[in-house]
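1. Generate coordinates for the sequence data below:
(one chain, ligands or ions: 1)
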Amino acid sequence: MRVGVLALQGAFIEHEKMLESLGAETFEIRQRRDIDQSMDAIVLPGGESTVMGKLLNELDLMNPVRDFIKSGMPVFGTCAGLILLAEKIYDDKAVHIGTMNITARRNAYGRQLGSFNAKEEFKGIGEIPMAFIRAPYIEEIGEKAEVLAVCEGKIVAARQDKQLVTAFHPELTDDISVHKYFLEEICR
Ligand code: GLN
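-> Predicted coordinates for the structure are as follows:
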C-alpha cells in the first residue's frame with residue numbers, strides 16, 4: 001500500500017509516521033510530478049484550507065487530485081482536509097476539491113473553543129481520543145454520506161464510499177485506530 005500525503009502545508013509528517021507504523025509506504029505530494037508515481041490512496045492533512053486550496057490550484061494539482069478521487073481512489077481528509085473535500089462550505093462561496101456530499105462549517109467552535117480534546121464513539125471502532133484545532137464540523141450531511149462520529153452534538157467524522165473525513169486530528173494523538181480503519185476498511 002502506497003499512500004501519497006499532501007505536503008504543501010500543515011500537519012503531514014504526523015500522518016506519514018502513523019501510516020508507516022501501520023506498515024504502509026508513504027510519499028509526499030509537493031508538486032505535480034509527484035502524483036505520476038503509483039499510489040493507492042491520498043491523505044489530505046490539517047492546516048489552512050484556503051492556503052492549501054490556493055496552492056493546489058497554483059501547482060496544477062487540484063484537477064488531477066479531484067479526478068483521482070472521483071475515479072475511486074481512497075482519500076482521508078483531516079480538519080482542513082475535510083474542508084477541501086466538502087461539496088459546500090457554510091457561508092462561503094469557495095469549493096476546493098468538492099467531492100464529498102457534506103457542508104463543512106469552518107472554525108466552527110469559535111475562538112474560545114478553537115482547540116480542545118474529547119473522547120467519543122467512532123462507528124466501527126469504539127471510543128477514541130479526538131484533538132480539535134480550530135476545527136470545522138459538518139453542518140449538513142447529504143444522503144450519499146454516512147455519519148461516523150458526533151461530538152457535542154456536531155458531526156465530526158463521516159464517510160462516503162472511499163472518502164473518509166474527520167474534523168479532529170487522529171494523527172496528533174497516540175491512537176492509531178482511525179488510520180488503521182482507513183487502511184483496512186476504506187482502502188480495501
Ligand atoms: N481552520 C482551518 C481551516 O479552515 C482548519 C484547521 C486545521 O486543519 N487544524 O482550514
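
2. Any part of stretch 143-163 near the ligand?
-> No. Residues of stretch 143-163 contacting the ligand under CB under 6 Å from any ligand atom: none, with a closest distance of 12.5 Å. For every residue, glycine as well, the C-beta is placed using N, CA and C.

3. got any ranges where this structure has weak pLDDT?
-> Along the chain, segments meeting pLDDT under 70 span 110-113.

4. Point me to the residue sitting closest to the centre of it.
-> Residue closest to the mean C-alpha point of the chain, counted by CA atoms, centre = their mean, is residue 77 at 0.9 Å.

5. That one is in contact with residue 168, isn't it?
-> No. The pair residue 77 / residue 168 is not scored as a contact, 11.7 Å apart, by CB atoms under 8 Å.

6. which SS state does the residue nearest to the centre of the chain fall under?
-> strand (DSSP: H, G, I helix; E, B strand; the rest coil).

7. where does the closest residue to it other than its chain neighbours sit relative to the ligand, distance-wise?
-> Sequence neighbours aside, residue 44 is the residue nearest to residue 77 in space, at 4.1 Å (criterion: CB to CB, 6 or more residues apart in numbering). In this view, residue 44 and the ligand are 10 Å apart by CB to the nearest ligand atom, to the nearest Å.

8. residue contacts, residue 46?
-> 10, 11, 78, 79, 80, 81, 133, 169 (CB atoms under 8 Å, 6 or more residues apart in numbering).

9. ok, residue 24 - contacts?
-> 1, 2, 3, 183.

10. wait, which of those residues is closest to the ligand?
-> residue 3 (18.6 Å; CB to the nearest ligand atom).

11. For the closest one, list the residues it contacts.
-> Neighbouring residues of residue 3 by CB under 8 Å, 6+ apart: 19, 24, 25, 26, 27, 39, 40, 41, 42, 43.

12. Tell me the residues of the protein that contact the ligand?
-> Counting by CB under 6 Å from any ligand atom, the residues of the chain that sit close to the ligand are 46, 47, 48, 49, 79, 80, 83, 106, 107, 133, 134.

13. Among those residues, which ones are in strands?
-> residue 133 (DSSP state E).

14. Buried subset of the residues of the chain next to the ligand as a PyMOL selection?
-> With 16 or more other CB atoms under 10 Å as the criterion, this PyMOL line picks the buried residues out of the residues of the chain next to the ligand:
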select buried, resi 46+47+48+49+79+80+83+106+133+134
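
15. how about a markdown table for the residues of the chain next to the ligand, with distance to residue 93 added?
-> What follows is the residues of the chain next to the ligand, written out as a markdown table (distance: CB to CB, whole Å):
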| residue | distance to residue 93 |
| --- | --- |
| 46 | 22 |
| 47 | 21 |
| 48 | 17 |
| 49 | 14 |
| 79 | 21 |
| 80 | 18 |
| 83 | 14 |
| 106 | 13 |
| 107 | 17 |
| 133 | 25 |
| 134 | 21 |
